[in-house]
Every structure is written in structure tokens, then in C-alpha cells.
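J.: Below is the structure, and that's it, no one-letter string:
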């Protein structure tokens, strides 16, 4: 029986923490400069007003989806295998959504007025425009963060109680004791917990589908070519789960190694994740194909020129990366040999993460830089700050994750211990 | 120091199951089970199989409140308080309000569940007499807690019964 599933302070952990904290520090410097000088430090221009910030936003929020998928949908489907990977996937969700949420805020121009996005009664009677998908985003993302946070924390409570009882020092007992809210695992507590958890899982399930659909609507309801297609919501959801599973594998392989969890997180888990990723990859590839088909079927010269430009124009290199990483490379997963080779899977999952980022870049920048007027096209060239913000958000994510790994249970311990009484014979 | 009850621990699930069954047979009603994990099938053993509709009710009422709040909020802002005519489109363009109604349905439902959970269990509960005992949830033990308030309770009898049922340890739980 595992009593603790946290990493010890090792040299490797410290080294990684130093690297990611340095990136986080660079991010903080970036934010300071941004607040002082404005979004002009990025390479954004007119017409490419969104560029890296929104690419990063969509990418991070997509990554979060696998966590909710594993913890909620697979829970409702009673897939017991999920127990081993649910906690670290859920944790990934929380931190990924936190990273995601920062980008639209920082992109506001005057981030200190972020509360203008929420409806409150002010003297000028200025309301958010509720017909705009951008306002839906604010609600969708904050709801996603709050509900995932509740789900994650509730899942943690029984494990925190275990940590409290296991702790040696008074300070640790206090720390975990406060967080565990006085959980003692009584009959009534478990009964209530179960009724609550299953209903919350049902709600989180609806969020997996809806949040990225709403993000997708940002790109569906505009008028410029490439941002004017109903394909986006389902295609974004598939892409989100695809990239999320890639991130689960990217994180899962080192965590399993570092904590010696070979018995708990087995090759079968990776095999299944890889299969699922393959299925999602095919859906994403279908999305790419349908974008081309629907552009030609529409007969709209602007749509056609957008799609031709996507694969032959200024950003054709990025589109090639996208096709290579998201369509070609996952085809290896048809073979079991590759699905259970952890080294291969690790590299592949990194490639898919890069590929999915490239996809979002292609959609965001590729759609914006090239529109109706011959005078409009304007290339977007990322500045040093664009890269610092991208790397910095990775630093933020990794720092939070490494700290979590050190102090909190990375496995759903009490769920792993769950027992079933045999049916009474009498 | 008042006696709160007796706490017995069991190492194996088998012993524990037998013990619960035997205690029930002997007529004890008010004992509690403490464990680090969920025990599926315990409801049957404890004889309380009916499920309370409390949480379903909380979820549904939260959901309905969320939808209504969502619609009213958007309608109030865009139709009543600050109507903005965009190309002659209808002010009460309800299809555009659907996504937010959906999101707020989930948000309100989740919070209504959370508050129900917190109030039902009266969390956070910083003090309980068992925290002063050797109760250790990190070990994979199963605990039985016999409250002294039970009219059937008799210190010697319960203690002897538990010993007979092969409890791993038995200790008295004291209130401050």
C-alpha cells in the first residue's frame, strides 16, 4: 500500500525547479515590461492583433482538457484504470488553465481593468456585449477553472487526511490538517462524498465538451476567411483532447520514473493513452481535410486563397510542422511496438505538443494576416518578448507542477485503495 | 475528561467485515466506520441502502437557477438596460444567450453541490475526539468507533466483543 506519493528533494528535482523558476522569473520580467510599455512589445500589429498571446491561450486550455476527460468522463464510464493517472492529469488541468487564463488578460492592453469583462452595475451602464463569443470565453474559462478546482480539491481531501496522519513534524500536520478540513473518513463522510463526486463528475463532463467549443466559436463567428466556419467547435475539442493526452504522456513518463511507480502506472496505461491519441489525431486530420474541402466547396475566392496561402504562403513552414507532427507522426501508433516504447512515446508526445501549438498559430496568425484587401496583408514576426512569454508560461506551469509533486500526493491514493465487499452469501 | 467511546482497528478487510456484521447482529446501531478509502458495498452491511435525493436536488435547483440567472443577466443588459441596435437585428436575440446560460447552469449547479456538501458534513471540522487517538488514515486499517452515547453501550461488553472479533487494537476515545 502506498502511503505517500510525492517526490523527495533530489538533485534532479532541484535542478528542474531552478530552471523552471528562472523561466518564471523571465515571465515576471516580461509581464512587468508589458504593464509598463504595453502590448507593443510583442510583434502584434494590425491586422495580426492576436498572434502569440491567443495561440498560447488556446494551446494551454486545450492541454487542460485531457485532465478533465480522464477524471470525469472515464470516472463515469467506470474505467478503473484511470485511477492511476487521474490525479496528475487533473493537476495538469488546473495549472494549464491557470497559464491559459493569463494570456487573454495580459493581452487586454490595460490588464488592470480586467473586471470590465464581468457584468456589474456601473454608473455608465456599460455592459459586456453578450452576443460576442469573446465574452462567452470569459465565463467559460473562469467556470472551467472553478469547477475543475472544486473537483480536484475534493479529490485531494481524503489523500490530504492521509498525509496529515502520516506527517512527522507538527508544522506538516498543521499544514495538511488545515487543508484536509478535518476529514476522518467516517461512514457518513464517504457516503456523502460519493454522491457529491459522481454528480460533479457529470457536470465536469459537460465542461470538457463545452469550454473548447466556446473557444472554437471565437474563430467560427468572425467574418474574415479562415475564421468563418462552423467546423471549429468539434475540431477544437478533438484537438484539445489530442494535445492534452500528449501532455499526459509527456508528464507521466518522467513522473513514473522519478517516483518508481512502474507497478501503478503500467505500460497498459500508456498503450491506451496512445490509442486514444491516435483516434483523436485522426479526427484532427479529418478537420484539416474538411477545412480544405469546405473552402473549395464554398466557392468563395477568399476562402480558397486563404487555404492555398496556408500551405504555400508565408507561414507554410509552420503548417508543414503541423501536418508532420499531428498527422504523419501519430500514424506510428497503429503499431503496439511504438505504443509501449516509452522513449518513442515521450518524443512523440513532445512533437504533438509542438504540432498542436503550430496548429493554433496557423489558425490565429494565418487567418489574420491575410484578408480581403490587397493592402491588408501584414506579416507577424515574433519579437524576443513573444518567445519569453511562451517560455515563461512553460516555466510557470513547471514550477507549480514541481512544487505540487514535492508536497502533494500525485496519485489518487484513497481511490487506489478502494475496496469492494463481496456480496453476502446469506 | 469524558469518555467519547471506543475505537477499534482492524487490519484485514475480512475481520472487519465479520466484525461489522456481528456488531449489527448484536443490536448495535450507532457505531461508525472510519477508513482511508471508500468501501463499496458497506451500505448493505450497515443497513442503509436508500440513497438520499439531496444532492440530485441541489444539482438540479442549481442548474435551473443558473439558466434563469444567465438569461436574465443577458436580457437585462442587452435588451432592457442598454439596448444597442446593431444593423436592425432583434434585441432579444436569445440564441446568442444560450452558451452563457449553459455555462452558468454548470457553474451554479457545481457551487450548489459544493455548498450542500460542506453544510451536510459541516466542514471544515477542526476538532473531533478521534484526532487525539492513534487513528492513522495513512495505514490501510479499518476502524470501528463505538460512541458512549449509545444506550446499549457498556465499556466492558463492547471491549470484550471487539477483542473476540480479533480487533488489532482497542483504545478509549476521550473528549476534552
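T.: Yes, it's here. This is a predicted model, so every value here is computed, not measured.
J.: helices and strands around the longest strand seen in chain B, which ones?
T.: Of all the elements of type strand in chain B, the one with the most residues (DSSP state E) is strand B:2-10. The elements that strand B:2-10 packs onto, with contact taken as 3 or more CB pairs under 8 Å, 6 or more residues apart in numbering or on different chains; DSSP states H and E, are helix B:13-25, strand B:142-147, helix B:155-164, strand B:169-175. All C-beta atoms are positioned from the backbone trio N, CA, C, and that covers glycine.
J.: Parallel or antiparallel, list what pairs with it.
T.: In the sheet containing strand B:2-10, its partner strands are strand B:142-147 (antiparallel), strand B:169-175 (antiparallel), by DSSP bridges.
J.: Buried residues, the lowest-mean-pLDDT helix or strand in chain B. List them.
T.: Every helix and strand of chain B was ranked by mean pLDDT, DSSP states H and E. The lowest is helix B:42-46, at a mean of 85. For helix B:42-46, a neighbour-count test (16 or more other CB atoms under 10 Å in any protein chain shown) marks B:42-43, B:45-46 as buried.
J.: can you tell me if it touches chain A.
T.: Yes - residues of helix B:42-46 contacting chain A under CB under 8 Å from any CB of the partner chain: B:42-46.
J.: Can you give the contact residues for that helix?
T.: The set of residues that contact helix B:42-46 without belonging to it, under CB atoms under 8 Å, 6 or more residues apart in numbering or on different chains, is A:187, A:190-191, A:421, A:424, B:17, B:20-21, B:24, B:33, B:49.
J.: These into CSV, with extra columns for distance to residue B:93 and pLDDT?
T.: Written out in CSV, the entries for the contacts of helix B:42-46 read as follows (distance: CB to CB, whole Å; pLDDT from 0 to 100):
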residue, distance to residue B:93, pLDDT
A:187, 52, 92
A:190, 47, 94
A:191, 46, 92
A:421, 55, 83
A:424, 59, 62
B:17, 61, 91
B:20, 60, 91
B:21, 63, 91
B:24, 61, 89
B:33, 55, 93
B:49, 49, 69
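J.: of those, closest to residue A:11?
T.: Checking those against residue A:11 with CB to CB, the nearest one is residue A:190 at 40.2 Å.
J.: Show the contacting residues for residue A:163.
T.: With contacts taken as CB under 8 Å, 6+ apart, residue A:163 has the following neighbours: A:4, A:172, A:176, A:180, A:408-409, B:138.
J.: Give me the nearest residue to residue B:31, chain neighbours excluded.
T.: Spatial nearest neighbour of residue B:31, chain neighbours left out: residue B:146 (4.8 Å); criterion: CB to CB, 6 or more residues apart in numbering or on different chains.
J.: Okay, and the beta partners of the one you found?
T.: Beta-bridge pairing of residue B:146 under DSSP bridges involves residue B:6.
J.: Show me the shaky parts of the chain.
T.: Using chain A. Within chain A, the stretches falling below the threshold (pLDDT under 70) are A:1, A:424-426.
J.: The chain in question should be chain B.
T.: Counting by pLDDT under 70, chain B has low-confidence residues at B:49.
J.: Scan it for its longest helix.
T.: Ordering each helix of chain B by length in residues (DSSP state H) puts helix B:98-121 first.
J.: quick one: secondary structure of residue A:59?
T.: For residue A:59, the secondary structure call by DSSP: H, G, I helix; E, B strand; the rest coil comes out as helix.
J.: per-domain residue ranges of chain B.
T.: The record, using automatic domain parsing to delimit domains, assigns chain B the ranges B:2-36+B:137-175, B:54-121.
J.: can you put these in TSV and add distance to residue A:87 and mean neighbour count?
T.: Listed next are those as TSV, based on distance: least, CB to CB, whole Å; neighbours: other CB atoms under 10 Å in any protein chain shown:
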stretch	distance to residue A:87	mean neighbour count
domain B:2-36+B:137-175	15	17
domain B:54-121	19	17
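J.: Tell me which of these lies nearest to residue A:301.
T.: Of all those, domain B:54-121 sits nearest to residue A:301, with 24.7 Å by CB to CB.
J.: What's the end-to-end length of that closest one?
T.: Between the opening and closing residues of domain B:54-121 lies a distance of 13 Å (CA to CA, to the nearest Å).
J.: how about it, does it reach chain A?
T.: Yes - using CB under 8 Å from any CB as the criterion, contacts between domain B:54-121 and chain A involve B:54-56, B:59, B:73-74, B:77-78, B:81-82, B:84, B:86, B:93, B:96-97, B:99-100, B:102-104, B:106-107, B:109-111, B:113-114, B:116-117, B:120-121.
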